[in-house]
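K.L.:
got a structure for you, letters missing:
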Ligand SMILES: [Mn+2]
């Protein structure tokens with residue numbers, strides 16, 4: 001448990017600190033099972049923290065959190081259970097924190113987060129709609145939790161009116177909502193040091209794509225291709241992958257998050273590969289689709305080039321000031337124009353039915369925290385990932401069935417232009433083919 005203070009605090013033994021770190025204590029028997037722990041001394045010397053203690057010391061540590069004007073926090077999940085044999089596990093630390101901060105014992109950060117989101121958006125006009133939305137959610141999942149959300153909304157609103165409900169909720173001195181806001185704005189814009197790490201991590205995955213395109217043969221399995229690209233990641237930087245690799249041939253490429261990678265022969269299908277390196281905590285997210293034979297069939301190429309063209313069009317909007325939402329509108333317009341142009345080849349309905357679009361901020365997480373309801377700013381990093389997926393049975397000419405194409409690149413937003421971070425992975429259909437020879 002890491003506590004960060006805005007103002008320097010006075011340590012009981014003299015001196016001052018702005019950080020307190022309570023960690024899992026060393027335990028040779030446990031470490032033999034589950035791996036090494038740094039321990040207090042190494043957290044000090046290797047991670048550079050001054051005030052480090054074993055978790056058991058938090059309960060009685062003399063810090064009165066309830067006297068602070070604001071306490072912002074994240075990571076108090078409601079589903080952590082108490083390990084009775086350990087009096088300083090995460091559950092115990094969370095309970096001690098709640099006590100020190102004067103939070104109710106049954107405080108549920110997720111519930112509180114939802115309530116404050118509602119409070120921020122609520123007006124006299126839309127409150128009925130929000131209540132309606134809550135009722136629908138309740139039917140679908142997490143009944144008890146949702147009941148707690150809406151009982152809080154109803155009760156506060158009933159007794160204080162909508163203004164009172166908002167003041168009480170938003171003006172609260174503790175919570176995750178303000179924390180989230182502050183952290184979002186920090187994570188959305190990359191510093192020059194963060195950009196160096198982003199360029200590095202994205203180039204690792206891009207090279208892995210290029211190498212796999214070079215190595216692919218129709219006799220290979222999806223798992224073998226996964227092995228090749230993961231080998232490149234490990235070979236370049238003993239690199240980790242941030243999410244399970246997606247390697248899907250043909251029909252499997254039409255499943256957006258296919259992770260089985262179980263087909264034993266990719267045959268003459270297109271292979272869709274979506275992989276992301278993790279380098280010093282920063283994530284890449286790059287997808288390429290390429291022919292196992294080294295050459296697209298004419299039909300595969302039609303679909304591939306549609307996706308490519310839409311992506312190119314959207315790149316031109318990747319600069320400061322473009323609203324997020326207009327990137328998606330642009331993609332839809334591309335599909336409409338291009339698909340009607342190739343309507344004679346029967347792709348029109350498939351394109352409009354089965355295309356997908358996702359935008360994300362890769363960074364500390366592959367879909368990092370961020371506000372998607374705004375205009376792009378310089379030094380944001382986003383993914384641009386149009387795709388067309390045509391599983392068999394789709395209402396179009398059978399010749400398109402089982403073609404799935406996604407091209408996904410990571411892009412840094414500039415003032416008036418963009419930087420393609422994943423440029424080392426071939427993207428143009430000709431280049432994708434050429435690498436195979
Ligand atoms: Mn991806």
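P.N.:
Right, received. Where do you want to start? Owing to the predicted nature of the structure, the values given are computational and were not obtained by experimental measurement.

K.L.:
check the offset of stretch 217-236 from the chain's centre.
P.N.:
Distance, stretch centre to chain centre, for stretch 217-236: 24 Å (C-alpha atoms, centre = their mean, to the nearest Å).

K.L.:
ok, stretch 404-422 next?
P.N.:
16 Å.

K.L.:
so for that stretch, mean pLDDT?
P.N.:
Averaged over stretch 404-422, pLDDT sits at 95.

K.L.:
any idea how far the residue in the stretch 51-200 of the chain that the ion sits nearest to is from residue 176?
P.N.:
Closest to the ion within the stretch 51-200 of the chain is residue 198: 15.0 Å, counting by C-beta to the ion. In this view, the C-beta of every residue, glycine as well, is placed from N, C-alpha and C. As judged by C-beta to C-beta, to the nearest Å, residue 198 and residue 176 stand 26 Å apart.

K.L.:
who has more neighbours out of those two?
P.N.:
residue 198 (23 against 18; other C-beta atoms under 10 Å).

K.L.:
and that one, what does it touch?
P.N.:
190, 282, 284, 362-363, 381, 410, 412, 421 (C-beta atoms under 8 Å, 6 or more residues apart in numbering).

K.L.:
secondary structure element holding the residue of the stretch 51-200 of the chain closest to the ion?
P.N.:
helix 192-215 (DSSP states H and E).

K.L.:
mind listing what's buried in that helix?
P.N.:
Buried residues in helix 192-215, counted by 16 or more other C-beta atoms under 10 Å: 194-195, 197-213, 215.

K.L.:
stretch 267-280 now?
P.N.:
Result for stretch 267-280 [16+ other C-beta under 10 Å]: buried residues 269-279.

K.L.:
so for that stretch, mean pLDDT?
P.N.:
94.

K.L.:
interface residues of the stretch 151-300 of the chain facing the ion?
P.N.:
274, 285 (C-beta under 5 Å from the ion).

K.L.:
how about the nearest residue to residue 203 once chain neighbours are set aside, secondary structure?
P.N.:
Nearest residue to residue 203, sequence neighbours excluded (C-beta to C-beta, 6 or more residues apart in numbering): residue 424, at 5.3 Å. State at residue 424, reduced to three classes by DSSP: H, G, I helix; E, B strand; the rest coil: coil.

K.L.:
wait, doesn't residue 424 sit right on residue 210?
P.N.:
Yes. Here residue 424 reaches residue 210: they are 6.3 Å apart, a contact under C-beta atoms under 8 Å.

K.L.:
what sits against residue 259?
P.N.:
If you count contacts by C-beta under 8 Å, 6+ apart, then residue 259 has 244-246 around it.

K.L.:
which regions of this structure sit below the pLDDT cut-off?
P.N.:
110, 124, 131, 133-160, 162, 165-174, 335-361, 366-372, 435-437 (pLDDT under 70).

K.L.:
try it again at 50.
P.N.:
141, 343-344, 352-355, 357-358 (pLDDT under 50).

K.L.:
helices of that one, residue ranges please.
P.N.:
Ranges of helices within the chain are 28-34, 39-47, 90-101, 109-121, 127-140, 143-170, 177-188, 192-215, 222-237, 298-315, 324-341, 348-354, 429-434, based on DSSP state H.

K.L.:
quick one, the third one and helix 109-121 angle?
P.N.:
Per axes from the mean of the first three to the mean of the last three C-alpha atoms, to 10 degrees, the angle that helix 90-101 makes with helix 109-121 is 50 degrees.

K.L.:
ok, and the closest non-adjacent residue to residue 5?
P.N.:
Once chain neighbours are set aside, the closest to residue 5 by C-beta to C-beta, 6+ apart is residue 18, at 5.0 Å.

K.L.:
just checking, that neighbour touches residue 11?
P.N.:
No. The pair residue 18 / residue 11 is not scored as a contact, 10.8 Å apart, by C-beta under 8 Å.

K.L.:
joint contacts of those two?
P.N.:
If you check residue 18 and residue 11 against C-beta under 8 Å, 6+ apart, no residue is contacted by both.

K.L.:
which among the contacts of residue 198 end up buried?
P.N.:
190, 282, 284, 362-363, 381, 410, 412, 421.

K.L.:
which of these lies closest to residue 35?
P.N.:
Nearest to residue 35 among the buried ones among the contacts of residue 198 is residue 282, at 23.1 Å by C-beta to C-beta.

K.L.:
who is the closest one paired with across the strands?
P.N.:
For residue 282, the beta-bridge partners under DSSP bridges are residue 279.

K.L.:
isn't it up against residue 194?
P.N.:
Yes. Between residue 282 and residue 194 there is a contact at 6.9 Å, judged by C-beta under 8 Å.

K.L.:
between those two, what contacts are shared?
P.N.:
residue 363.

K.L.:
and the stretch 301-437 of the chain, which residues reach the ion?
P.N.:
Counting by C-beta under 5 Å from the ion, no residue of the stretch 301-437 of the chain is near the ion.

K.L.:
who are the contact partners of the residue in the stretch 301-437 of the chain positioned nearest to the ion?
P.N.:
The ion sits closest to residue 408 of the stretch 301-437 of the chain, with a gap of 5.0 Å, by C-beta to the ion. For residue 408, the contacting residues are 274, 285-288, 383-385, 387, by C-beta under 8 Å, 6+ apart.

K.L.:
same thing with residue 300?
P.N.:
Contacts of residue 300 by C-beta under 8 Å, 6+ apart are 270, 291, 403, 405.

K.L.:
distance check, the residue nearest to residue 416 when sequence neighbours are not counted against residue 185.
P.N.:
With C-beta to C-beta, 6+ apart as the criterion, residue 416 has its nearest non-adjacent residue at 5.2 Å, and that residue is residue 319. According to C-beta to C-beta, residue 319 and residue 185 sit 20 Å apart.

K.L.:
which of the two has more neighbours?
P.N.:
Here residue 319 and residue 185 are compared on neighbour count by other C-beta under 10 Å; more neighbours surround residue 319, at 17 against 13.

K.L.:
right, and that one touches residue 418 too?
P.N.:
Yes. Between residue 319 and residue 418 there is a contact under C-beta under 8 Å: 6.1 Å.

K.L.:
shared neighbours of these two, which are they?
P.N.:
By C-beta under 8 Å, 6+ apart, no residue touches both residue 319 and residue 418.

K.L.:
okay, now stretch 218-225: how far is its last residue from its first?
P.N.:
11 Å (C-alpha to C-alpha, to the nearest Å).
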